[in-house]
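**Q** Predicted model and sequence below, questions to follow.
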Amino acid sequence: MKMKNSKKQSKKVIIYARQSSGGDDQSESIDFQVEQCKEFAIANNFEVIGIFKDYNTSGRLYPTGAENIAATDMAFRKWRGARSFEKEFRPGLGAALSLLPQGDYLLVYDATRLCRPVQNSFLQQYLNSVLIEANAQLMTLKDGCSNPVSFTDNLLNSIKSQVNDNQTQLTAEKSRKAMKRLKDLGIFPTSPKMFGIRYIGGKEKLVEVIKECIPVVEFAFDQVIKMQPYNQIIRDMNRLFSGASKGKAYYDSSLRHIIAQPFYCGMMYDSEGMLIPARQMEGKAIISYETWKKANEIMARNRKEPQRRKKIPHPFTHLLRCGYCGAKMIGGLDAGKEYYHCNRGSNLKRNGDCPKARVTLNLMRPSALFSGLKAAIAPFLTLAMFKDLENNEASEASRRELIQLDGRKQKLEAQKNEICDHYAEGKIDFSEYEYMINKIKNELAEIISKITKIQGAYSSREMSKRAKEYLAKIEDVMNDRLEPYVFEQLLRESIRGIYCYEDRVEIDTIYGHRIPLRRYIQGRSRNFPRFRYKIVPKEGNKKVIDLRQARIEVIYIYGTSNEHRVIVDFANMKISEQI
């Protein structure tokens, strides 16, 4: 719309522009609005006396200066209370309105840039009253001039606002449903923002893994699994991979976001928060599901446990308990020897037996007769290996169900869509709709859970490789040659708790057995027995090539004559005592 030029003094206009999402300091949308308004002002011989902008701001918010009105607007307050963004008011609009008495028009690209009031909100009336008081009018490039004192103009603006608000709500609801559907299909509904993933787009919403970022992700997971201090990991990431980050550096939040993201192992969360395969990452996974799971378990455990002393690892913390009072035992050093004792029972409850629960983890000088708890408990670490293989053998057998489960899942999803259509067409009422949908949701949740477990398991080739690696590692386990992080990892995956007494410890294993291990008592010393072990085939005399085919028999020896032995078959969890 172009107005006729007047020979009289040119009208004064104030330009206002707003965009609802994006950055807080720059917007192509706002730049476009301002340029269009400037061109309009020049074409109509208007004098622009001010340009005001609100970035990343909702049109439902009141301008600054209207705080008291906003506080009494119940419709607005209800809407605002359900939102988590920080902005409360629009400073750009507030500044534009304060300059309004010096101008003739408030110029905007279209009416929605000025406001999108919540239904039944006072915002529209408030802005009209400000325009009337300033003896100014609203002018839009799309609809022309609007007089705030005109009943017809006000009625039209009110109707437009309600229609816009209703349309916005319908569009938002439709968008939410579309995103939910995509999520449940295993497709990230919006452009993924995680580190190392680039969004390509298209109908398939394709993504690609940035090659330069792969070593960063692999390094982060590897270091967390090795239980390195987080600060050290972040320092190393900044030193080794400074060029791979868009920002200036990696931070604690960078590490946590990387570890928490299942997209890297080809998984994602659906609309119900369940892990499902991510279609966009098929064949592009950077790490395995087991690696992702293990790293997240470690970080979750670290959040619950107190900060450790940097120079002294304490792998037994929270595992050792006093057998007499049940309290968690605490660690310390005595002449270079690590030990654990019951502090609560000894000092607080004054229990006379609690000091007897004290155990020494390591010996300063190796002995041919006895050892500390750390060396004596080494055979129990193999339980984690056996359990891991058992779990994945079960998963491997379940893989045969995968095709049937996937077929059933597709049928249920089709039924769900059909029920939604019937409800939309009025063929069924809400109670029938809700009952049928909930029934399908429950069955889908169960099926998706099974599918996730199966897809997270090892392949047959990976299982065989892992079983061979476990067998090769047995000697290092038994001879205490593991790196500290590997020892702690196996320890916590094998044992739920160790209850300490004067003459024995009782070891709660992941198999649900509590195995008593008697101490080696010599004079005032209460240490632990040494052991020997042998690997034997589970069946016949077949050659053992991986841990799935083996039993490990451990003989704990008390005394030099070998007359007193405890035999533990760790593969079958059988315990026998020979005297």
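**A** Alright, I've got the coordinates. Numbering: from 1, shown residues only.
**Q** Give me the neighbour count for the closest residue to residue 362 other than its chain neighbours.
**A** Closest residue to residue 362 in three dimensions, ignoring its sequence neighbours and counting by Cβ to Cβ, 6 or more residues apart in numbering: residue 372, at 4.4 Å. Heads up, the C-betas are built off the backbone N, CA and C, glycines and all. The tally of other residues near residue 372 (other Cβ atoms under 10 Å) stands at 21.
**Q** Give me the phi and psi for residue 372.
**A** phi -90, psi 170 (degrees, to the nearest 10).
**Q** Against residue 262, how distant is it?
**A** Distance of residue 372 to residue 262, given as Cβ to Cβ, to the nearest Å: 40 Å.
**Q** for the residue nearest to residue 362, what are its contacts?
**A** Neighbour list for residue 372: 337, 360, 361, 362, 363, 527, 528 [criterion: Cβ atoms under 8 Å, 6 or more residues apart in numbering].
**Q** rerun at 6 Å
**A** Residue 372 makes contacts with 360, 361, 362, 363, as judged by Cβ atoms under 6 Å, 6 or more residues apart in numbering.
**Q** State the pair within these that is farthest apart.
**A** 361 and 363 (9.0 Å; Cβ to Cβ).
**Q** Correct me if wrong, but residue 220 is in a helix.
**A** Yes. Under DSSP: H, G, I helix; E, B strand; the rest coil, residue 220 falls within a helix.
**Q** Tell me, how many residues neighbour the closest residue to it other than its chain neighbours?
**A** The shortest distance from residue 220 to any non-neighbouring residue, by Cβ to Cβ, 6+ apart, is to residue 258 (4.9 Å). Residue 258 is flanked by 22 other residues according to other Cβ under 10 Å.
**Q** When residue 361 and residue 363 are compared, which one has more neighbours?
**A** Each of residue 361 and residue 363 has its neighbours counted (other Cβ under 10 Å); residue 361 has more, 20 against 16.
**Q** Distance-wise, check the more buried one relative to residue 226.
**A** Taking Cβ to Cβ, one finds residue 361 at 21 Å from residue 226.
**Q** ok, now residue 249?
**A** From residue 249 to residue 226 the distance is 22 Å (Cβ to Cβ).
**Q** Settle it for me: which of the two has more neighbours?
**A** Taking other Cβ under 10 Å, residue 249 and residue 226 do not tie; residue 226 has more neighbours (15 against 11).
**Q** The more buried one contacts residue 487, doesn't it?
**A** No. Here residue 226 does not reach residue 487: they are 11.5 Å apart, not a contact under Cβ atoms under 6 Å.
**Q** shared neighbours of those two, anything?
**A** Common neighbours of residue 226 and residue 487 (Cβ under 6 Å, 6+ apart) do not exist.
**Q** For the longest strand seen in the chain, which strands pair with it and how are they oriented?
**A** Secondary structure of the chain per DSSP state E: the longest strand is strand 525-537. Paired neighbours of strand 525-537 in the sheet (DSSP bridges): strand 370-371 (antiparallel), strand 520-522 (antiparallel), strand 550-558 (antiparallel).
**Q** List the buried residues in that strand.
**A** Going by neighbour count (16 or more other Cβ atoms under 10 Å), the buried part of strand 525-537 is 526, 527, 528, 529, 530, 531, 533.
**Q** so who does the second one touch?
**A** I take that to be residue 527. 370, 520.
**Q** Report pLDDT for it.
**A** Residue 527 carries a pLDDT value of 90.
**Q** what's across from it in the sheet?
**A** residue 520.
**Q** doesn't residue 120 fall inside a helix?
**A** No. Counting by three-state DSSP, residue 120 is not part of a helix but coil.
**Q** Going forward, count from 10.
**A** From this message on, residue numbering opens at 10, which makes the last subject residue 129.
**Q** Looking at residue 186 now. What's its pLDDT?
**A** 70.
**Q** can you confirm residue 65 is in a strand?
**A** No. Counting by three-state DSSP, residue 65 is not part of a strand but coil.
**Q** re earlier: for the strands paired with strand 534-546, which one sits closest to residue 46?
**A** Here strand 559-567 is closest among those (Cβ to Cβ), at 79.9 Å.
**Q** where does residue 438 sit relative to residue 508, distance-wise?
**A** 59 Å.
**Q** So which of the two has more stuff around it?
**A** Shown here are residue 438 and residue 508; by other Cβ under 10 Å, residue 508 has more neighbours (20 against 9).
**Q** On the three-state scheme, the more buried one is what?
**A** Classified using three-state DSSP, residue 508 is strand.
**Q** Then residue 376?
**A** Applying three-state DSSP: residue 376 is coil.
**Q** Against residue 385, how distant is it?
**A** Distance from residue 376 to residue 385, by Cβ to Cβ: 12 Å.
**Q** quick one, phi psi at the closest residue to residue 424 other than its chain neighbours?
**A** Leaving aside its chain neighbours, residue 424 sits nearest to residue 449 (6.0 Å; criterion: Cβ to Cβ, 6+ apart). Main-chain dihedrals, residue 449, degrees, to the nearest 10: phi -70, psi -40.
**Q** Same question for residue 550.
**A** Taking degrees, to the nearest 10 as the convention, residue 550 sits at phi -120, psi 30.
**Q** can you count the residues close to it?
**A** 6.
**Q** got the contact list for it?
**A** Residue 550 neighbours (Cβ under 6 Å, 6+ apart): none.
**Q** now do residue 545
**A** Per Cβ under 6 Å, 6+ apart, neighbours of residue 545: residue 560.
**Q** Across the sheet, point out what pairs with it.
**A** Assigned bridge partners for residue 545, using DSSP bridges, are residue 560.
**Q** Relative to residue 419, how far out is it?
**A** For residue 545 relative to residue 419 (Cβ to Cβ), the value is 48 Å.
**Q** go on, residue 189?
**A** Residue 189 is 17 Å from residue 419, by Cβ to Cβ.
**Q** so where is the stretch 10-159 of the chain shaky, pLDDT-wise?
**A** Along the stretch 10-159 of the chain, the parts satisfying pLDDT under 70 run over 10-17, 31-36, 155-159.
**Q** one more time with 50
**A** Filtered on pLDDT under 50, the stretch 10-159 of the chain yields the residue ranges 10-11, 13-16.
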